[in-house]
Structures are given as C-alpha cells and as structure tokens.
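1. With the sequence up front, the predicted model follows.
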Amino acid sequence: MKPLITCSHVDFGYENHDAVIDLNMEVCPGDYLCIVGENGSGKSTLIKGLLGLLKPTGGSLKIDEDLRRTGIGYLPQQTAAQRDFPASVREVVLSGCLSRRGSRPFYSREEKQLAAENMRRLGIEDLGRRCYRELSGGQQQRVLIARALCATRRMLILDEPVTGLDPSAIQDFYHLVRQLNREEHVTILMVTHDVGNVLQEAGKVLHLKQRVLFYGTAEDYRASEAGWLFLGGER
Amino acid sequence: MQVILEMLSYPFMVRALAGGLLVSLCASLLGVSLVLKRYSMIGDGLSHVSFGALSIAVAAGWAPLPFSIPVVVLAAFFLLRITENGKMKSDAAIAMISASALAAGIVVTSLTTGMTTDVSSYMFGSILAMSRADVVLAAALSAVVLCLFVFCYNKIFAVTFDESFARATGVRVSFYNGLTAVLTAVTIVLGMRMMGAMLISSLIIFPVLTSMRLFKSFRGVVWSSGVVSAVCFLAGLTASYAWSVPAGASVVLVNLAVFLLCAAAQALRGATARI
C-alpha cells in the first residue's frame, strides 16, 4: 500500500534550534500511530510539520497527493478561551468544511449535509442547537472529531485528546477512535501522555526525544528499553 | 420623541448620532472577535495610545487623524505581536504601553498648550468632536467591517474559535488577526474624541458580554452585539442631550444597565430551570 506520509531523515526546527532531528517514519492508510515523549520532546513541532505549518529544515517529507489536496483532519489541544465560547454545536462542526471552501463565502447544501452526517456518525445529532460550552468534556471531543471528519475521512491527527477528560469519558473516547480506525479505515495519529492506555489501542508507537528513541509496533515498544523506562519500569 | 426631534434639529447632533452609531456598530462587531479571543485589553491599550498620539499632534499643530491613525495602527500590530508570541505577559505589556502613552500625551500637552479643556475632552469625550470628515470616514470603515463580517464570516468564526484548526485548514490566521487589529485601531481613533479615551473601549466590550448572556450561538452573538450596541448608543446619546451629561459616560452607563438586566435575566432563567 502506498504510504500517506513518508519522512526520511527529516529535521524540523525553529530559527536557532532543532526540535526534531533525523526522523524516519512512514504512515500507511489504516495505521494507528501513537506519538509519545516528554514535554518539549518535539511532538508538537512534528505535528505542525505534518500539517504543513512548518517546513522541514532538512531531509525529505513526502505527503500523499490526495491527502495534501483534501487536507488532514486535525484535533488541536483545547484552549481556555473555548470553554466559555458561545457557539452552537452545528456551527463548530460546520467550520470543519472550511478547507473545502476556497474563497466562496458561504457553505453549500452539500457541506451542511456532510456536517449533519458526521454529527450522526458520532451520535451528537441531538446536540446540534446546544451551546458548545454547556457540553461535557467527552461530548466536546465528539464535536471536535465531527469537525475534523468534515475536513477529511482519511486521516486524523489528535493532539493530546484525553487531557481533562474523566476516566469513563476517556474509555469512551478510545472506543470511538478504535471504531473509526477499524470500521471506517481512518488513519489515526495521536499525540498523548496516556501511554498505559494507548498501548492497548495503537498499532505503532513513535517515541520522540528530539531524536527517535523508538519506532515500531506497540508490542515491540513494551519490550524495548525506551518503552520500559517510559512506562515506569513495569513489565 | 419630542426630545429626539429637537435633538436632530442641531447639525452637530446629527453628525454625532450618525458617526457614533457607525463607530459603535464597528466596535461591537470587532469586539466579538477580540473579547472571545481574550484580547479585550488591546482595545483599552489602543485608546490610551490614541490619546497620546492625538495630544502630540495637537501640540505640534498637525492634523490629528492623519497622524494618529498610523501611530495607533502600528501600536495595534505591536500589541498583537506581543500577545501572539507570549514572550512577555501580554496584560502587563499592554498596561505598560497604555500608561506610557497616556503619560507622554500629558507631558507634551502641559509643556505646550497647558492642561486646557482640550485634554479633558479627549479624556472624557465631547459631543462636538464629530466633524463631517469623521462621519464620512466612519461610514467607509463600517462598510469595510460589514463586508468583512458578511463575506468572511465563516473564516472569522474559525479563527476566533480555534486558531490552530483554522491554520491547519489553510486559513491565513495572521492576516485576519492583523486586519482586525487595523480596523480596531481606526475605530478607536475615530470614536475616541467623542466617547473619550477612558471610555471608548467599553463600546468594544459591553455589547459582546451582554449578548453572551442572551445567545448561545456565534451568529446570535454577532447579530445581537450590533443591535445592542446601536440601541444603547441611541439611548445614551438621547439621555446625554436631555440631561446635559457627557455623551461618552451616559452611553457607558446605558450599556452597563442593559448588561446588568441581561445578567439578571440569565440568573433568573438558570434559577427557574433548576426548580
């Protein structure tokens, strides 16, 4: 299968320092890749690079032509300002269609249908007129996934999605992502601190600390030294 | 009603009414984006910079608008940059810049013309300040702001709600932020002499906060802000004429009253929903 994203010896960085050095990896359709690492290890920089917001400073980054055209579904970390933002669920989901718009100013009927369809898939069609700030953390994440799916069906990048969710909402969330990955073949790239849980979910793991400490399958990661240390030394 | 008709028989009141309505409309629309992005203090900072620039222009004998608009626009870009970079705590930086600009304005004025009524009218506004040219400029500004909100509404929503997502979907976030900053700067310079440097930022903040008590959707808040702002300005100006109080202050008080009413209504609704 043709990979969606190929990184060979890629460096990402800002003016005076490199945040990610010599990264080699491949993301294929249907993958469930989990990116772990401590704070400041270059995870967010890597995400920016994959989204095309940051040019690689070295090496070559190849992104599949189709994916480049339709864009990547992105679920950013929530900001404090969003917690009291007056917006209806429908407005938020619909804003995911923005990348399809180009310079046309208004949303078309197809885009509204697409938004409605994605809300149905995530079980939030009843919430359409509700206010985003009144929803629970788990419901808010569903809204943001629906928005990301409006941009693309092919790949989701999730940036620390479970931060601030309660334990049952976290399980619920992983279940949902697994479903999208297995049944709808959405490629998943997830940055997370919740390593313990994610190893049961993810197919592949990338452990970053500027350089790649580990890249491979989740089983191998548990057995590797990097994984052993990061998981707190519990086998 | 008779008061309003009598008020409109004075040409300067008609100019104040037209100019003020347009400026309040622009301020409230831009305010939606600024307040929700937690940039409300930028409006306050810019009004002080505008005061400083205006004082210097008057002291040096330059035309006030051509000098202060570019200065305030520059300040707007600068403040935005600080806020975006997060290098310095932005609230502290803005407070520092406001105080410095205010101080510079006061020193320059007292060294040249002395602290006259002019300074007081910049601080607290004067109903006589709207000239014909100001009204024309306010009309042009409103046209630009309205076009922006009609044709780029969805992009403004995306940029306001979630900058990272907007950036990832290819929206030029910095461009929209810059545009908002420039338009805010022009709005403040235009409205400042009538509303007063200390009071103009209320036009940006109050209508949005009031609307957020009433509406749960972004579209609702945008519409309501425009309407609330216009109605409060009309009521404030009429009150100012009827009781001979400064227009800026009475507009602010009307805004406050409406805000308190809406907040009370919201609290009441919340309480009845719980029962």
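-> Looks like it came in fine.

2. Residue 17: neighbouring residues, count only.
-> No chain specified, so I'll use chain A. Neighbours of residue A:17 under the rule other Cβ atoms under 10 Å in any protein chain shown: 7. In this view, the C-beta of every residue, glycine as well, is placed from N, C-alpha and C.

3. try again with chain B
-> Counted with other Cβ under 10 Å, the neighbours of residue B:17 add up to 23.

4. tally of neighbours for residue 93?
-> Defaulting to chain A. So residue A:93, with other Cβ under 10 Å, has 29 neighbours.

5. that answer is for a different chain, and I need it for chain B
-> With other Cβ under 10 Å as criterion, residue B:93 counts 17.

6. Could you measure from it over to residue B:43?
-> Distance, residue B:93 to residue B:43, using Cβ to Cβ, to the nearest Å: 15 Å.

7. same thing with residue A:228?
-> Note on residue A:228: its distance to residue B:43, by Cβ to Cβ, is 54 Å.

8. With neighbour numbers in mind, choose between the two.
-> Taking neighbours as other Cβ under 10 Å, residue A:228 and residue B:43 compare with residue B:43 leading, 26 against 14.

9. Report the next helix or strand after the helix or strand harbouring the more buried one in sequence order.
-> Per DSSP states H and E: residue B:43 is located in helix B:40-60. Next helix or strand after helix B:40-60 toward the C-terminus (DSSP H and E): helix B:64-85.

10. So what touches that next one?
-> Residues from elsewhere that reach helix B:64-85, judged by Cβ atoms under 8 Å, 6 or more residues apart in numbering or on different chains: B:39, B:42, B:45-46, B:49-50, B:53-54, B:56-58, B:88, B:90, B:93-94, B:97, B:101, B:133-134, B:137, B:177-178, B:181-182, B:184-186, B:188-190, B:193.

11. any weak-confidence spans in the chain?
-> The chain I'm using is chain A. Residues of chain A meeting the criterion pLDDT under 70: A:69-70, A:101-103, A:232-235.

12. that's the wrong chain, I meant chain B
-> Those would be B:86-89, B:115-118, B:275, if you go by pLDDT under 70 across chain B.

13. Tell me which stretches of it form helices.
-> With DSSP state H as the criterion, chain B has helices at B:2-7, B:11-36, B:40-60, B:64-85, B:90-111, B:117-124, B:132-151, B:153-161, B:163-168, B:173-195, B:201-214, B:218-243, B:247-274.

14. hey, C-alpha coordinates of the fifth one in PDB?
-> Output of helix B:90-111 as PDB, limited to C-alpha atoms (Å, rounded to 0.1, in the frame of the first residue of the first chain):
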ATOM      1  CA  SER B  90       0.600  40.400  27.500                       C
ATOM      2  CA  ASP B  91      -1.700  42.000  30.100                       C
ATOM      3  CA  ALA B  92       1.400  43.500  31.800                       C
ATOM      4  CA  ALA B  93       2.800  44.700  28.500                       C
ATOM      5  CA  ILE B  94      -0.400  46.400  27.500                       C
ATOM      6  CA  ALA B  95      -0.800  48.100  30.800                       C
ATOM      7  CA  MET B  96       2.800  49.400  30.500                       C
ATOM      8  CA  ILE B  97       2.200  50.800  27.000                       C
ATOM      9  CA  SER B  98      -1.200  52.400  27.900                       C
ATOM     10  CA  ALA B  99       0.400  54.200  30.900                       C
ATOM     11  CA  SER B 100       3.400  55.300  28.900                       C
ATOM     12  CA  ALA B 101       1.300  56.700  26.000                       C
ATOM     13  CA  LEU B 102      -1.000  58.500  28.400                       C
ATOM     14  CA  ALA B 103       2.000  60.000  30.300                       C
ATOM     15  CA  ALA B 104       3.600  61.100  27.100                       C
ATOM     16  CA  GLY B 105       0.400  62.800  26.000                       C
ATOM     17  CA  ILE B 106       0.000  64.600  29.300                       C
ATOM     18  CA  VAL B 107       3.600  65.800  29.400                       C
ATOM     19  CA  VAL B 108       3.600  67.100  25.800                       C
ATOM     20  CA  THR B 109       0.400  68.900  26.400                       C
ATOM     21  CA  SER B 110       1.300  70.600  29.600                       C
ATOM     22  CA  LEU B 111       4.700  71.700  28.100                       C
END
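
15. and the angle for it with helix B:117-124?
-> Counting by axes from the mean of the first three to the mean of the last three Cα atoms, to 10 degrees, helix B:90-111 lies at 160 degrees to helix B:117-124.

16. Same check on the third one?
-> Comparing the axes of helix B:40-60 and helix B:117-124 via the same axes, to 10 degrees yields an angle of 170 degrees.

17. and helix B:40-60, which residues are buried?
-> By 16 or more other Cβ atoms under 10 Å in any protein chain shown, the buried positions in helix B:40-60 come out as B:40-59.

18. Can you confirm whether that helix lies near chain A?
-> No - contact of helix B:40-60 with chain A (Cβ under 8 Å from any Cβ of the partner chain) is absent, the minimum separation being 11.3 Å.

19. roughly how far apart are residue B:94 and chain A?
-> Residue B:94 sits 17 Å away from chain A, going by Cβ to the nearest Cβ, to the nearest Å.

20. Next: residue B:32.
-> For residue B:32, the distance to chain A - Cβ to the nearest Cβ - is 9 Å.

21. Near residue A:58, how many other residues are there?
-> 14.

22. typed the wrong thing, it's residue A:11
-> Applying other Cβ under 10 Å, we find 18 other residues in the vicinity of residue A:11.

23. can you list contacts of the helix or strand harbouring it?
-> Take DSSP H and E as the rule and residue A:11 turns out to sit in strand A:5-13. Strand A:5-13 has contacts (Cβ under 8 Å, 6+ apart) with A:18-27, A:42, A:45-46, A:48-50, A:54, A:56-64, A:67.

24. one more time with 10 Å
-> Applying Cβ atoms under 10 Å, 6 or more residues apart in numbering or on different chains, the contact partners of strand A:5-13 are A:18-28, A:31, A:33, A:42, A:45-50, A:54-64, A:67, A:72, A:155, A:187, A:189, A:210, A:212.

25. Go ahead and produce PDB holding the CA coordinates of stretch B:142-155.
-> Taking C-alpha atoms only, stretch B:142-155 is exported to PDB below (Å, rounded to 0.1, in the frame of the first residue of the first chain):
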ATOM      1  CA  SER B 142     -18.400  50.500   8.600                       C
ATOM      2  CA  ALA B 143     -18.600  49.400   5.000                       C
ATOM      3  CA  VAL B 144     -15.300  47.600   5.300                       C
ATOM      4  CA  VAL B 145     -16.200  45.900   8.600                       C
ATOM      5  CA  LEU B 146     -19.600  44.900   7.400                       C
ATOM      6  CA  CYS B 147     -18.200  43.400   4.200                       C
ATOM      7  CA  LEU B 148     -15.600  41.500   6.300                       C
ATOM      8  CA  PHE B 149     -18.300  40.100   8.500                       C
ATOM      9  CA  VAL B 150     -20.600  39.100   5.600                       C
ATOM     10  CA  PHE B 151     -18.100  37.600   3.200                       C
ATOM     11  CA  CYS B 152     -15.500  36.200   5.600                       C
ATOM     12  CA  TYR B 153     -18.000  35.300   8.400                       C
ATOM     13  CA  ASN B 154     -17.000  31.600   8.400                       C
ATOM     14  CA  LYS B 155     -13.400  32.300   8.400                       C
END
